[in-house]
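In: Okay, here's the prediction I keep looking at, along with the sequence it came from:
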Amino acid sequence: MATSAVALGKLEMCRRRELSIPDGWAADDSGKSTNDPAVGISKGALMPLGGSEHTIDLKPNRKENIYIAFTGGYKGYGLGMMVELFCGILSGAQYGSNIRQWMKTERPANLGQGFVAIDPNAFGFGFEDRLSDYMRMMRELPRVDDSEPVLVPGDPERRHMAECDAIGGIPYPPVLIESMASLEDSSSVEVILFKT
């Protein structure tokens, strides 16, 4: 799970398609929001889940500073640090600024993974029934768009799996197929076959 506003792959796809990115996806090397995916990838960073931290002084005439946050970027920042602790520090892999940049391949990435195993039955009984009831509640929430259901984690993936089964394969965007063909031309690796 990306703890940034979006996963790095979304910036990469926009860069390849020469598209700009929305405000709040990435920052430049000075920490300011950028709409250029190439800048976010090569010189800047991804914004935290919740976006940038916009604040305003509510009472400018008071002696003490009173600020209110308009976005939840600080929460994403904290969540990102927790994930970094599990995936980088605890796993023995690289972390923080020790991780190499996306397109700089002169050294291995050395990225770690973190896994947490919880036995729900250690906390009491009825977990599966309670979880099913909660998923039902979420799916039955009022829809913003009547043509689209309320989704819970796993629903988009199940929908995509059904689509892949129906068409007999996995659809790839043309820009990715072109990139893989280019890689095949410049290496001795044979690219998988694509249906057209």
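Out: Looks like it came in fine.

In: Can you show me the strands along this protein?
Out: Along the chain, counting by DSSP state E, strands occupy 26-27, 33-34, 45-46, 55-57, 67-69.

In: From Leu49, how far off is Met82?
Out: Remark: distance between Met82 and Leu49 (CB to CB, to the nearest Å) = 12 Å. Where you see a C-beta, it was placed from the backbone N, CA and C, and this is true even at glycine.

In: Those two - which one has more neighbours?
Out: Leu49 (19 against 11; other CB atoms under 10 Å).

In: Which pLDDT does the model give that one?
Out: Per-residue pLDDT puts Leu49 at 84.

In: Skipping adjacent residues, who's closest to it in space?
Out: Counting by CB to CB, 6 or more residues apart in numbering, Gly76 is the residue found nearest to Leu49 once chain neighbours are left out, at 3.0 Å.

In: For burial, what's the neighbour tally of that neighbour?
Out: Neighbours of Gly76 under the rule other CB under 10 Å: 22.

In: Check Phe127 too.
Out: Counted with other CB under 10 Å, the neighbours of Phe127 add up to 14.

In: That one is in contact with Ile118, isn't it?
Out: No. Applying CB atoms under 8 Å, one finds Phe127 not in contact with Ile118, separated by 9.9 Å.

In: before we move on, the earlier item: isn't the residue nearest to Leu49 up against Val6?
Out: No. Taking CB under 8 Å as the definition, Gly76 is not a contact partner of Val6, at 11.3 Å.

In: And for Ile164, nearest residue in space, chain neighbours not counted?
Out: Actually, residue 164 is Cys rather than Ile. Leaving aside its sequence neighbours, Cys164 sits nearest to Ile170 (CB to CB, 6+ apart; 5.3 Å).

In: Look up how far His160 lies from that neighbour.
Out: Going from Ile170 to His160 by CB to CB gives 9 Å.

In: Could you do Leu85 as well?
Out: Counting by CB to CB, the gap between Leu85 and His160 amounts to 31 Å.

In: how deep is the closest residue to Arg16 other than its chain neighbours tucked in, by neighbour count?
Out: Nearest residue to Arg16, sequence neighbours excluded (CB to CB, 6+ apart): Val175, at 4.9 Å. Neighbour count of Val175, defined by other CB under 10 Å: 14.

In: Surely Val175 touches Met13?
Out: Yes. Under the criterion of CB under 8 Å, Val175 makes contact with Met13 at 6.9 Å.

In: So, low pLDDT: which residues of the chain?
Out: Along the chain, the parts satisfying pLDDT under 70 run over 1, 51-72, 193-196.

In: Recalculate using a threshold of 80.
Out: Where the chain drops to pLDDT under 80, the residues are 1-2, 50-74, 101-104, 185, 188-196.
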